[in-house]
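Colleague: Model the following, please.
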Amino acid sequence: MQKTIPRETLFEVHTPQVVLIASLKKCFSYVASNNVVVTNDVSMMEAMGSPVTLTRGEYTNIKITTPEDMQVAEAILRKRRHPAPGRVRRLVNWIWS
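Modeller: You can find the predicted model right below:
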């Protein structure tokens, strides 16, 4: 570490990021045809010159990547008394299939 930088100029970036599906498809096509190296959905938007908007988030807005993530998501929904955590699991399983 070289020095501590002022935190008031920093943002914490969460995943998932939100991108319209039509824009996302254009981005995938653009980066593939132009050999652009990107790290995530938002970096694709930036590579195309599309605007990116920051919004306030919350720590419970998690990215579901592993079965363990699904367990965390279900626990969050149960705590919130969400009416249908099973429906969320079916949707995620459908996306993964």
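Colleague: Any buried residues in stretch 13-22, and which?
Modeller: Buried residues in stretch 13-22, counting neighbours by 16 or more other CB atoms under 10 Å, are found at Val19. All C-beta spots, glycine's among them, are computed from the backbone N, C-alpha and C.
Colleague: Distance of Leu20 relative to Pro51?
Modeller: Separation of Leu20 from Pro51 (CB to CB, to the nearest Å): 12 Å.
Colleague: What are the boundaries of the strands in the chain?
Modeller: Counting by DSSP state E, the chain has no strands to list.
Colleague: ok, which stretches of the chain are helices?
Modeller: 21-33, 41-47, 67-79, 85-96 (DSSP state H).
Colleague: Out of the ones you listed, which is the most enclosed?
Modeller: Among those, helix 41-47 has the highest mean neighbour count (mean count of other CB atoms under 10 Å), at a mean of 18.
Colleague: Need the residues that contact it.
Modeller: 13, 17, 19, 23-24, 27-28, 30-31, 36, 38, 51-52 (CB atoms under 8 Å, 6 or more residues apart in numbering).
Colleague: Give me the average confidence score over it.
Modeller: Average pLDDT, helix 41-47: 87.
Colleague: Same question for stretch 70-84.
Modeller: For stretch 70-84, the per-residue pLDDT averages 80.
Colleague: Pull the CA coordinates from that stretch and hand them back as CSV.
Modeller: Output in CSV follows, covering the C-alpha atoms of stretch 70-84 (Å, rounded to 0.1, in the frame of the first residue of the first chain):
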residue,chain,number,x,y,z
MET,A,70,-29.3,-19.4,-3.6
GLN,A,71,-29.4,-20.4,0.1
VAL,A,72,-28.5,-16.8,1.1
ALA,A,73,-31.1,-15.4,-1.2
GLU,A,74,-33.8,-17.7,0.2
ALA,A,75,-32.8,-16.7,3.8
ILE,A,76,-33.1,-13.0,2.8
LEU,A,77,-36.5,-13.6,1.3
ARG,A,78,-37.7,-15.6,4.4
LYS,A,79,-36.5,-12.8,6.7
ARG,A,80,-38.5,-10.3,4.6
ARG,A,81,-41.5,-12.7,4.7
HIS,A,82,-41.5,-12.8,0.9
PRO,A,83,-44.5,-14.8,-0.2
ALA,A,84,-42.7,-17.0,-2.8
